[in-house]
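**Student:** Sequence first, predicted coordinates after that:
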Amino acid sequence: MKITLNEVKTMQEGLDAILAEKIPCKPGYWFKRFLNKVSSELKAMEETRIKTVEAYAKKDKDGKPLFKKDKDGKQLDPPQYDLSKENLEKLQKELFELGNIEFEVDQEPIKLSDIDSEVCEVCGQKKLVIKPLVWIQLGKLVEE
């Protein structure tokens with residue numbers, strides 16, 4: 001299956017929500033298997049994102065990235081890199097391009113029938129209930 005880094009990032013949010021629940025073993029296996037296959041891509045994306053943000057951030061005299069501060073001079077919580085407007089625009093463009101990188105993952109989409117059974121044949125766990133937002137997040141990972 002061809003997929004972009006942005007699609008995987010969105011799918012991860014849905015998968016995290018599903019895998020936090022007690023679910024039947026068959027869909028649990030397929031979801032976890034997919035997440036394991038793409039975890040190195042997600043890690044590489046995050047490491048690249050951080051390096052890119054740090055490259056565009058304002059620097060102190062030692063060349064270390066600066067973080068935004070509130071009106072009292074305290075670092076924001078959560079921390080935010082301090083970027084000029086010009087560099088923010090450049091950063092956004094680069095991150096957009098990064099997210100649209102496409103790669104191949106060796107997995108067929110998960111069949112809806114494997115997820116939507118009334119009771120799991122193996123573990124006896126009842127039907128998996130998935131919220132509409134999670135279905136949207138899963139995108140092309142699930143097919144009819």
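**Tutor:** Nice, I can see it.
**Student:** who does the helix or strand of the chain with the lowest mean pLDDT touch, helix- and strand-wise?
**Tutor:** Lowest by mean pLDDT, DSSP states H and E among the helices and strands of the chain is helix 112-115, with a mean of 73. Applying 3 or more Cβ pairs under 8 Å, 6 or more residues apart in numbering; DSSP states H and E, one finds that helix 112-115 makes contact with helix 25-56, strand 142-143. Glycine gets a C-beta too; all of them are placed from N, C-alpha and C.
**Student:** where among the ones you listed is the average confidence lowest?
**Tutor:** Confidence, taken as mean pLDDT, is least for strand 142-143 of these (a mean of 86).
**Student:** which residues touch it?
**Tutor:** The contact list for strand 142-143, computed with Cβ atoms under 8 Å, 6 or more residues apart in numbering, reads 109-112, 115, 135.
**Student:** right, and the pair among these with maximum separation?
**Tutor:** Using Cβ to Cβ, the pair of those lying farthest apart is Lys111 and Trp135, separated by 14.2 Å.
**Student:** Just the buried positions in whatever helix or strand comes next after the least confident helix or strand of the chain, please.
**Tutor:** For helix 112-115, the following helix or strand on the C-terminal side (DSSP states H and E) is helix 132-138. For helix 132-138, burial by neighbour count (16 or more other Cβ atoms under 10 Å) applies to 134, 137-138.
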